[in-house]
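Colleague: Next come a sequence and a model predicted from it.
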Amino acid sequence: MIKFFLMVNKQGQTRLSRYYEHVEINKRTVLEAEVIKNCLSRSKDECSFVEYKDFKLVYRQYAALFIVVGIDQTENEMAVYELIHNFVEVLDKYFSRVVSETLNLLQNIFSLSKLGGSVISENKSKEKNI
Amino acid sequence: MPAVSKGDGMRGLAVFISDIRNCKSKEAEIKRINKELANIRSKFKGDKALDGYSKKKYVCKLLFIFLLGHDIDFGHMEAVNLLSSNRYTEKQIGYLFISVLVNSNSELIRLINNAIKNDLASRNPTFMGLALHCIANVGSREMAEAFAGEIPKILVAGDTMDSVKQSAALCLLRLYRTSPDLVPMGDWTSRVVHLLNDQHLGVVTAATSLITTLAQKNPEEFKTSVSLAVSRLSRIVTSASTDLQDYTYYFVPAPWLSVKLLRLLQCYPPPEDPAVRGRLTECLETILNKAQEPPKSKKVQHSNAKNAVLFEAISLIIHHDSEPNLLVRACNQLGQFLQHRETNLRYLALESMCTLASSEFSHEAVKTHIETVINALKTERDVSVRQRAVDLLYAMCDRSNAQQIVAEMLNYLETADYSIREEIVLKVAILAEKYAVDYTWYVDTILNLIRIAGDYVSEEVWYRVIQIVINRDDVQGYAAKTVFEALQAPACHENLVKVGGYILGEFGNLIAGDPRSSPLIQFNLLHSKFHLCSVPTRALLLSTYIKFVNLFPEIKTTIQDVLRSDSQLKNADVELQQRAVEYLRLSTIASTDILATVLEEMPPFPERESSILAKLKKKKGPGTVTDLEEIKKERSSDMNGSAEPASVNASVVSTPSPSADLLGLGAAPVTNSAPPPSSSGSLLVDVFSDSASAVAPLAPGSDDNFARFVCKNNGVLFENQLLQIGLKSEFRQNLGRMFIFYGNKTSTQFLNFTPTVICSDDLQSSLNLQTKPVDPTVDGGAQVQQVVNIECVSDFMEAPILNIQFRYGGTFQNLSVKLPITLNKFFQPTEMSSQDFFQRWKQLSNPKQEVQNIFKAKHPMDAEITKAKIIGFGSALLEEVDPNPANFVGAGIIHTKTTQIGCLLRLEPNLQAQMYRLTLRTSKEAVSQRLCELLSEQF
């Protein structure tokens, strides 16, 4: 299953996080910091799957935005890798210029999830999109 | 801010957010927030009832403030009110607030649950969706208790809308993950399976996720899903690239659903029905064929999605492991990917191939790619890819290519990343041992390992090389010569000194004939390293020296001089000092014969599983490596023994300890001969002494009472006309607490009342007990309480003694009872399936690990009472594990501070003979013994 979904900027700040398993708030910070460190330090010709503790991280970069997904062994890495892209395409449909306006995107998502859009606040339908 | 202003007219919110964004400093932000909080508070408290819109607006603001990281302590009630609104936006904000800021305030939970119930019953798909999302997002146990029965009904109801079904399936999945015990299986399961046939692919996707998870735990219930999944998969795979409309992703039909269906099929063995099986094989062939066709799109998304399905299909082929043709095709496909320019594909191909290597059908096919994999090891720029390459080399290794692979791994080790060195070292050591035809090669390899990566060579590795050299006399001379040569290097690793010390101490005589390695030269060589080494190594070298005294009488005086020097005899380290003193004394007073007997060559080690292998498994966890190893083990039957991490303890027990004692004498005799420390003088049980400080012999009947407490924690431990002793205790992992209640049954005061808990010397080292003194006077009819804090350091045999002394009337009273703190109190029950149980049972088949007792029943043989006793004993009672339903099996882990010991037990009653047979298997002999004793007394 998917354990968490993170959007991070190049400076390593978390822009959006979504957990599908209960993780305590203070542990999240530690986890995110480590996860981000693990992914940001990798170069382009390294592969997009990183083993981390007992699960795997699958990440993809869109300009200055990193999307990192934590998965366990029951998930197909390639499918998750492409799911990230699918997710970005969906975002693209809802908001223009997803990739270039990372910061704005975040604000939009936060506002959106409050103001009535159901894409983000929707539970796991996202996880199983398509 | 387009989305903000778009909103649905919450201008106040937009203004507030832009105010916050424009704040120049943290202080300004906090100030603005506090102002807003005061404003909202006054609105909520005001007399005027707020309309839905304002409530929504303020709740939104609170939420925003919370998301900025500030605490919110009010507004929950208003949010709950929003739930009952009929406007979508208001209801939605209410649910969002609840999902984000849920707390277990019971009053609110009731209201929330009520609102959710109403929405679920509303038949309005949007409202139902919101309610289901809220349940899933919160996902708490309370939620599961309230709704786990309701959701399956919604899921399988005929008139439920597709979108609601999707949400219901995922919601149920979430509840099942958090509280599987609360989701009841029932009639609905068969109807859920039929959702795989649903017209709406979204529903199928959601249902597949749910069924996959449920089927892992309840395979029988969902068995029918196999044929449905196969036919659904077949329809997807054979559909034209545009048939599925929205569910076609860059010309790939429903890739995620295909992956999920293939994943679901991996919960089951290959289908038995030949028609289904044929259809599945066709699907898998089609998927493999598609990989060879020219792509329908040049876009990377197309190939990614296609490959995701392909990899999952290969996983299924490997999982079934029954179609040689498919396995070989899968292997060829992966072989192509090994040289693909996409790193991701190379990584995944290496990973999949690793599992493919363990199939007997494809093992040979995998081996043909050896050059590519070795090349990957050398050229890949990504450490995680190289790591996979190492794994694959390890998996494809067999007798035919072991030498090449080990050489390549050693080569790579010189430049390998620090993060994976230890693992490579373990792997090389294992392969070298497993496939060694020629043990000189093995010795060379291990010494090379120590030379190249000494710091990463763990104790298990060098213990193992010594075990092997000692057990094989054909390699001993070579080993002695090689270590001697290796030790010549000006700087050599401490691990090499250890191995060298040990081997020369045993077999130095085999090379002493050569003048270049005469006894004195050997000794000087070792002694030149002595002062640079750590204490354990020096201790080992001292043992080597005394062995030299036996092997080479001609250098006895030189060695005695060394032992006699102040730096040895007066060494600050007790262990070193003790060895120096003892060895010196031994060499002086013992006759040659005695020396020869005492310092005889080490006897061969009992054959057992390599402790290195256990370590590798421990490192890797119980994941794929273990499975792989199991399969390999069967194939090459070179290894024997268990795969349980717990067996590390067992192996290490008889492996040389870190202070590796060549003599096998250990420090034990010395400690025994030492006079007992004066503080423990009062602990000596002196039955004949009538002095007041002596401990009384055990009170009559105390043994019976003791036995009753083995399976229970509370009750009366002792009672006579004067005194009653009650117990209440609780245990958790290796810790426990016991409350002892002393009741004065008389009407007269007890004076000088002193209860003492006494542990024998042996017990003291394995059990930590802390007690507080109690009030020395106990009034007539009164009760005093004493707390004992218990820590189990290691496994133990005896029980502590509770001694009580007091004055009653003019007479001195003194009595002792055994305190029922027994090893089984530190049990943690472990649930496992029948398959797991017997696998572990087999792994603990070493005769030393098993203890059996056949005994006559002392009580009526009642199955229910027996069950209760086994559970009271602390282990889990495993139902439906033993093929004979009359037998009882249990499993658990004994927690001590130092280790955890896995225990399996089996009790076979024989009603006719009124006998029982009890078998205990644990990784530690003493534990099996003790548990068997304790439990045998119970029936």
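Modeller: Thanks, I have the structure now. Residues are numbered from 1 along each chain as shown, chains lettered A, B, ... in the order given.
Colleague: which stretches of chain A form strands?
Modeller: A:2-9, A:14-19, A:49-52, A:55-62, A:65-71 (DSSP state E).
Colleague: Which parts of chain A are helices?
Modeller: Per DSSP state H, chain A carries helices over the ranges A:25-40, A:77-94, A:102-115.
Colleague: Just the pLDDT for the closest residue to chain A within the stretch 351-500 of chain B.
Modeller: Here the stretch 351-500 of chain B gets closest to chain A at one residue, B:Asp382, 3.9 Å apart by Cβ to the nearest Cβ. To be clear about C-beta, it is placed using only N, CA and C from the backbone, and glycine gets the same treatment. Note on B:Asp382: pLDDT of 85.
Colleague: same question, the one 4 residues further on
Modeller: On the pLDDT scale, B:Arg386 is placed at 89.
Colleague: what do you get for B:His527?
Modeller: Looking at B:His527, the pLDDT reads 89.
Colleague: Check which helix or strand it maps to.
Modeller: helix B:519-530 (DSSP states H and E).
Colleague: Kindly export the helix or strand following that helix (C-alpha atoms) in PDB.
Modeller: Per DSSP H and E, the first helix or strand lying C-terminal to helix B:519-530 is helix B:535-551. Output of helix B:535-551 as PDB, limited to C-alpha atoms (Å, rounded to 0.1, in the frame of the first residue of the first chain):
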ATOM      1  CA  VAL B 535      41.400  -6.200  25.600                       C
ATOM      2  CA  PRO B 536      39.400  -9.100  24.100                       C
ATOM      3  CA  THR B 537      42.100  -9.800  21.500                       C
ATOM      4  CA  ARG B 538      44.800  -9.600  24.100                       C
ATOM      5  CA  ALA B 539      42.900 -12.100  26.200                       C
ATOM      6  CA  LEU B 540      42.700 -14.400  23.200                       C
ATOM      7  CA  LEU B 541      46.500 -14.000  22.600                       C
ATOM      8  CA  LEU B 542      47.200 -14.900  26.200                       C
ATOM      9  CA  SER B 543      45.300 -18.100  25.600                       C
ATOM     10  CA  THR B 544      47.400 -18.700  22.500                       C
ATOM     11  CA  TYR B 545      50.600 -18.200  24.500                       C
ATOM     12  CA  ILE B 546      49.600 -20.900  27.000                       C
ATOM     13  CA  LYS B 547      48.700 -23.200  24.200                       C
ATOM     14  CA  PHE B 548      52.200 -22.500  22.800                       C
ATOM     15  CA  VAL B 549      53.600 -23.600  26.200                       C
ATOM     16  CA  ASN B 550      52.100 -27.000  25.500                       C
ATOM     17  CA  LEU B 551      52.900 -27.100  21.800                       C
END
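Colleague: Now do the buried residues in helix B:535-551.
Modeller: B:536-551 (16 or more other Cβ atoms under 10 Å in any protein chain shown).
Colleague: try stretch A:11-31
Modeller: A:Thr14, A:Arg15, A:Leu16, A:Ser17, A:Arg18, A:Tyr20, A:Val23, A:Leu31.
Colleague: restrict those residues to contacts with chain B.
Modeller: Among the buried residues of stretch A:11-31, the residues within reach of chain B (Cβ under 8 Å from any Cβ of the partner chain) are A:Tyr20.
Colleague: Could you single out the nearest of the buried residues of stretch A:11-31 to chain B?
Modeller: Of those, the one sitting nearest to chain B (Cβ to the nearest Cβ) turns out to be A:Tyr20, at 7.9 Å.
Colleague: Check the gap between the residue nearest to the closest one when sequence neighbours are not counted and B:Leu717 for me.
Modeller: The shortest distance from A:Tyr20 to any non-neighbouring residue, by Cβ to Cβ, 6 or more residues apart in numbering or on different chains, is to A:Ile2 (5.6 Å). Using Cβ to Cβ, to the nearest Å, one gets 54 Å for the distance from A:Ile2 to B:Leu717.
Colleague: what's the answer for B:Ile154, then?
Modeller: Taken as Cβ to Cβ, the span from B:Ile154 to B:Leu717 is 56 Å.
Colleague: so who does residue 59 touch?
Modeller: Picking chain A for this. A:Cys39, A:Ser48, A:Val50, A:Phe66, A:Ile67, A:Val68, A:Val69, A:Ile84 (Cβ atoms under 8 Å, 6 or more residues apart in numbering or on different chains).
Colleague: Hmm, no, I was thinking of chain B.
Modeller: B:Val59 touches B:Gly75, B:Glu78, B:Ala79, B:Leu82, B:Ile93, B:Gly94, B:Phe97, counting by Cβ under 8 Å, 6+ apart.
Colleague: Let me have those residues in a markdown table, adding pLDDT and neighbour count as columns.
Modeller: Output for the contacts of B:Val59, formatted as a markdown table (pLDDT from 0 to 100; neighbours: other Cβ atoms under 10 Å in any protein chain shown):
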| residue | pLDDT | neighbour count |
| --- | --- | --- |
| B:Gly75 | 86 | 22 |
| B:Glu78 | 88 | 20 |
| B:Ala79 | 88 | 25 |
| B:Leu82 | 90 | 23 |
| B:Ile93 | 86 | 26 |
| B:Gly94 | 89 | 26 |
| B:Phe97 | 86 | 25 |
